[in-house]
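Enquirer: pasting a predicted model and its sequence here:
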Amino acid sequence: MSNGIRRILEPVFVFLAVACLVELSLGMTGWFGEDVILWGTLLRAIFTVPGLAYFYREDKAGRGEWRLGIKTAVLLVVAGAGLSVAFRFLFMAIGVPGYEAVEENLMTGNLLLQAVALLAASPILEEFFFRGVLYGRLKELVSVPAAMAVSSALFGLYHGNLSQGIYAFFMGILLAWAMEHCRTVAGPILLHVAANAAAIWLNLVIML
């Protein structure tokens, strides 16, 4: 096995192993009720991010000097929120199968838990893995555009349903661009937080 492939498989194994253990544990109890998806996200982040942060630090030399100024941060927030809102209305307009069910699972229940899971745990976990580690290590084997496409496709598959998968693929391209431009995982995390915040806000507005 080449060193490049090994470097990709190591974080993938950690990510999947923790995800499986968390899902198995949650499946054995009914304690979390309708909030089980949000609790699963939170627990995966708690147990996975420290390991991913270790891999991320290993790759520091390959990223170069980070560049995330105020103007770039504002651009990322606007882009993340804008794409999130645009896809929400697009999916509602064309009636993407399963979209409403996904929204109901993620955007109902304890508002504080939504905020913690969707505005902190999910962005940090997913960006450290898909952009901070996986995307960077894919670039060691393939071109930047190919690494963006592959990491985004895997990001889409990770969400496990058609509506989120389509959205996640296109969002993944933007997130990978943010990582490439900013050279720090803080860039895609900021964009991801803005996208999720816009989705939560829009859902609250629609429910009123």
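Expert: Now that the structure is in, tell me what you want to look at. Keep in mind the model is a prediction, meaning the values are calculated, not measured.
Enquirer: any idea how many residues pack against residue 33?
Expert: 9 (other CB atoms under 10 Å). (Each C-beta comes from the backbone N, C-alpha and C, glycine too.)
Enquirer: what does residue 178 give?
Expert: 27.
Enquirer: how much space between it and residue 184?
Expert: Distance of residue 178 to residue 184, computed by CB to CB, to the nearest Å: 9 Å.
Enquirer: same deal with residue 38?
Expert: Taking CB to CB, one finds residue 38 at 27 Å from residue 184.
Enquirer: what's the answer for residue 136, then?
Expert: Taking CB to CB, one finds residue 136 at 11 Å from residue 184.
Enquirer: anything in contact with each of those two?
Expert: residue 63 (CB atoms under 8 Å, 6 or more residues apart in numbering).
Enquirer: show me which of those two is the more surrounded one.
Expert: Just comparing residue 136 and residue 184: by other CB under 10 Å the higher neighbour count belongs to residue 136, 25 against 21.
Enquirer: that one: which element?
Expert: Here residue 136 sits within helix 136-138, counting by DSSP states H and E.
Enquirer: which elements pack onto that helix?
Expert: The contact analysis (3 or more CB pairs under 8 Å, 6 or more residues apart in numbering; DSSP states H and E) places helix 136-138 against helix 3-27, helix 144-159.
Enquirer: list the buried residues for the shortest one?
Expert: Meaning helix 144-159. 147, 148, 149, 150, 151, 152, 154, 155, 156, 158, 159 (16 or more other CB atoms under 10 Å).
Enquirer: still on that earlier bit, where among the helices and strands packed on helix 136-138 is the average confidence lowest?
Expert: Here those differ in mean pLDDT, and the lowest is helix 3-27 at a mean of 92.
Enquirer: and the next helix or strand past it?
Expert: helix 36-58.
Enquirer: just the C-alphas of the helix or strand hosting residue 114, formatted as PDB.
Expert: Element membership of residue 114 [criterion: DSSP H and E] is helix 111-116. Taking Å, rounded to 0.1, in the frame of the first residue of the first chain, the C-alpha atoms of helix 111-116 are listed here in PDB:
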ATOM      1  CA  LEU A 111     -33.900  24.400  19.500                       C
ATOM      2  CA  LEU A 112     -30.900  24.600  21.700                       C
ATOM      3  CA  LEU A 113     -29.800  21.100  20.600                       C
ATOM      4  CA  GLN A 114     -30.300  22.100  17.000                       C
ATOM      5  CA  ALA A 115     -28.100  25.100  17.500                       C
ATOM      6  CA  VAL A 116     -25.300  23.100  19.200                       C
END
